[in-house]
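S.K.: here's my sequence, what's the structure:
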Amino acid sequence: MNLLPDITFDYDRYWQSVHTYNQWFIKLRNFAVIMLVLFLISISFLFQIKLNTLQIFGITGTTVFIFFYNQYFNFYISKNDGESLKTYALQYSLLQIIFDLISLSFIVYLTGGIEAPLFLFFIFHMIIGSIILPDKIIYAIAFILVSIFSTLSLLEYNYVIPHQSLKGFYRNSFFQDPNFLFGFLFTFSVMLFVSIYLTKKIVGDLYNREKELKDALEELNQAEASKQKYIIAVVHELKSPIAAATSYLELVTGGFVGKISNDVDDKVNKAKIRLNEAIENINNILHVSKFKLLNRIEKEQIDLNLLISEIVEKSASLIQKKNLNLQLNDKLKNRYKIQADRLLMHLAFSNLISNAIKYSSKNGTVVIDLTELKEDIKIIIADDGIGIPPNELSKIFEDYYRASNAKKNKIEGTGTGLSVVRQIISAHSGTLTVNSPSYLSKPNKPGTSFTVILKNG
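M.R.: All right, here's what the predicted structure looks like:
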C-alpha cells in the first residue's frame with residue numbers, strides 16, 4: 001500500500017520531515033509517561049480523588065505499555081537512517097499513531113469516557129497524521145476512532161460495560177444524558193474531521209506554493225546556467241582574435257618584420273601590454289563564469305599579504321593620479337597562508353580595493369588592515385570616499401544594484417562586482433560585511449569599510 005501523500009514532490013525533504021515528526025512523537029510520549037506517573041501519584045493526595053482497582057491497574061499498565069513501546073520505537077528510529085529511513089519512517093509513524101490512539105482510548109475510558117477532557121489529545125494525532133499520511137488513511141483512522149469512541153460511550157450508556165469516573169472530580173454525571181451523549185459524539189466527530197480537512201488544505205496549499213517557488217528557482221538557475229554558457233562561448237570567441245593580435249605584435253617587436261623606430265617600438269609594446277591585460281580580463285571572466293556555472297573552486301595555499309600587495313602594485317598609477325594615501329597594515333604575527341582559489345580571491349580583493357580607490361576623492365585615504373583572530377583572518381578595506389547611503393546598505397550586494405550617490409557622481413560601474421565578491425567569499429566559507437560611514441569618515445566624506453573574515457590555513 002502506498003503511504004505517500006499525493007502532494008509530495010520533494011521526497012528527500014519529506015522523509016526528513018517524517019523522521020523529525022517521529023522524534024517529536026517519542027519526546028512527547030516521554031512527557032506523557034511522566035505526566036501519567038505524576039497523575040497516579042498526586043490524584044489521591046492532592047485532589048482527594050479515589051481511583052478504583054481497575055483504574056489504578058489499567059492506567060499503570062497503560063503507562064508501562066507506552067514506556068516500553070516508546071523505547072522500542074526510539075531504538076529502531078535512531079538505528080535506521082539513510083535508505084532504511086526512507087523505507088521505514090512512514091511505517092513507524094503510522095504504527096506510533098495507532099499505538100498512541102489505542103493507549104489514549106483506554107486512558108480516556110478509565111478517566112470518564114465522554115466526561116474526560118483528555119479526548120482533546122486525539123486531535124493532536126489527527127493534525128500530525130494529516131501532515132504526513134495520505135487522505136484515505138488518516139480519514140479511515142478518524143472514522144475508526146469515532147466508531148470505537150461512540151461504541152464505548154453507547155455501551156456505557158446501556159450499562160453493557162461499567163462507566164469509569166473520577167469520583168470527586170465531577171459534580172454531575174453526563175454519560176446517561178442522551179442529549180449530552182449524542183451532542184458530544186457529534187461535536188467530537190466534527191472536530192476530528194474538520195481538523196483533518198483544514199490541516200490537509202493548509203498543508204496542501206503550502207506544498208503547492210513551495211513547489212511553485214522551487215520550479216521558479218529551477219527556471220532561474222537554468223536561465224543563469226544558459227547565460228554563463230553563452231558568456232563562456234562569446235568570451236572564447238573574443239579571446240582568439242586578441243591572442244592572434246598579440247602574436248602579430250610580438251613579431252613586430254621581435255624584429256621579424258624589419259627594424260622599427262624606438263617610438264614605434266614603445267607604442268607597440270604598450271599596445272601589447274593592454275592586449276595582455278584584455279586576455280587576463282577574459283580569463284577572469286571565464287573563471288568566474290565557470291565558478292557560477294559549476295560552483296567549482298580550485299584551492300591552493302595563498303599568501304594573502306602577497307596577493308593584496310600585488311593588487312595594490314597594479315593600481316599604483318591610479319593611486320598616484322588621485323594622490324591617495326594608501327596604507328597596507330599587516331598586523332599578522334606570522335606569514336599566514338589560506339586555502340583558496342587564487343584567481344577568485346584575486347578577483348574579490350581586486351574588486352574591493354579598486355572600489356575603495358575609485359570612490360575616493362583626490363588626496364583621500366585608503367587603509368587595508370590584516371589582523372589575526374583566533375582561527376580566522378580579518379581583512380578590513382576602508383576609505384574616506386563618497387560612502388553608501390544608510391538606507392541602501394542592505395541592497396549593496398544585490399545583482400546590478402548601484403548606490404544612488406555613485407550614479408549621481410557619474411562613477412562608472414555595472415553593479416555586478418560586489419554580488420560576485422560575496423559569492424566568492426561565501427564559497428570559501430567566509431563572511432563579507434559593509435559599514436558606512438567608515439572609521440576614516442570626515443565631514444562630507446563618510447567613507448565605506450568592507451570587512452572580510454576568512455578561515456586561517
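S.K.: check contacts around Glu300.
M.R.: Contacts for Glu300 (CB atoms under 8 Å, 6 or more residues apart in numbering) come out as Gln339, Ala340, Asp341, Arg342. Glycine gets a C-beta too; all of them are placed from N, C-alpha and C.
S.K.: closest to Thr371 among those residues?
M.R.: Ala340 (17.7 Å; CB to CB).
S.K.: so the closest one belongs to a helix, correct?
M.R.: No - counting by DSSP: H, G, I helix; E, B strand; the rest coil, Ala340 is not part of a helix but strand.
S.K.: number of residues surrounding it?
M.R.: 26 (other CB atoms under 10 Å).
S.K.: report the separation between it and Leu90.
M.R.: According to CB to CB, to the nearest Å, Ala340 stands 44 Å off from Leu90.
S.K.: got it, and Ile102?
M.R.: 19 Å.
S.K.: neighbour-wise, which of the two wins?
M.R.: Leu90 (24 against 16).
S.K.: element containing the more buried one?
M.R.: Using DSSP states H and E, Leu90 sits in helix 83-110.
S.K.: now for that helix, which elements pack on it?
M.R.: helix 11-45, helix 53-79, helix 121-132, helix 135-157 (3 or more CB pairs under 8 Å, 6 or more residues apart in numbering; DSSP states H and E).
S.K.: now do the last one against helix 121-132, angle only.
M.R.: Counting by axes from the mean of the first three to the mean of the last three CA atoms, to 10 degrees, helix 135-157 points 170 degrees away from the direction of helix 121-132.
S.K.: now the angle from helix 135-157 to helix 83-110?
M.R.: Using the same axes, to 10 degrees: helix 135-157 against helix 83-110 is 20 degrees.
S.K.: and helix 135-157, what does it pack against?
M.R.: helix 83-110, helix 121-132, helix 178-253.
S.K.: average pLDDT for the longest one?
M.R.: This predicted structure assigns helix 178-253 an average pLDDT of 81.
S.K.: counting by contacts, list what it packs against.
M.R.: helix 121-132, helix 135-157, helix 262-294.
S.K.: hang on, the earlier thing: list the buried residues of the helix holding Leu90.
M.R.: Buried residues in helix 83-110, counting neighbours by 16 or more other CB atoms under 10 Å, are found at 85-86, 88-90, 92-94, 96-97, 99-110.
S.K.: I'd like the average pLDDT over it.
M.R.: If you average the pLDDT values across helix 83-110, you get 79.
S.K.: how far off centre is that helix?
M.R.: Chain-centre distance of helix 83-110: 31 Å, with CA atoms, centre = their mean, to the nearest Å.
S.K.: quick check: angle from it to helix 11-45?
M.R.: Using the same axes, to 10 degrees: helix 83-110 against helix 11-45 is 30 degrees.
S.K.: okay, angle between helix 83-110 and helix 53-79 too, please.
M.R.: Using the same axes, to 10 degrees: helix 83-110 against helix 53-79 is 170 degrees.
S.K.: for the closest residue to Asn325 other than its chain neighbours, give me the pLDDT.
M.R.: Leaving aside its sequence neighbours, Asn325 sits nearest to Thr365 (CB to CB, 6 or more residues apart in numbering; 4.7 Å). In this model, Thr365 is scored at 90, pLDDT.
S.K.: nearest residue to Tyr76 in space, please, no chain neighbours.
M.R.: For Tyr76, the spatially nearest residue (CB to CB, 6+ apart) is Tyr92, at 7.0 Å.
S.K.: ok, the one you found touching Phe75?
M.R.: No - assessed by CB atoms under 8 Å, Tyr92 is found out of contact with Phe75, at 11.1 Å.
S.K.: tell me which helix or strand of the chain sits lowest on mean pLDDT?
M.R.: helix 404-408 (a mean of 65; mean pLDDT, DSSP states H and E).
S.K.: hang on, the earlier thing: so what's the residue nearest to Asn325 up against?
M.R.: Leu324, Asn325, Leu326, Gln327, Asp383, Asp384, Leu440.
S.K.: and it, how far from Ser438?
M.R.: 10 Å.
S.K.: between these two, which contacts overlap?
M.R.: Counting by CB under 8 Å, 6+ apart, the shared contacts of Thr365 and Ser438 are Asp383, Asp384.
S.K.: touching, Leu101 and Ile141? I think so.
M.R.: Yes - counting by CB under 8 Å, Leu101 touches Ile141, with 7.2 Å between them.
S.K.: kindly report the domain assignment for the chain.
M.R.: 11-176, 234-294, 299-455 (automatic domain parsing).
S.K.: so Gln301 sits in a strand?
M.R.: Yes - under three-state DSSP, Gln301 falls within a strand.
S.K.: in the sheet, which residues pair with it? Tell me.
M.R.: Gln339 (DSSP bridges).
S.K.: contacts only, for it.
M.R.: Lys337, Ile338, Gln339.
S.K.: in what helix or strand does Val452 lie?
M.R.: Using DSSP H and E, Val452 maps to strand 449-455.
S.K.: what does that strand contact?
M.R.: 304, 338-340, 348-349, 352, 356, 373, 375-383, 425, 428-436, 438-440.
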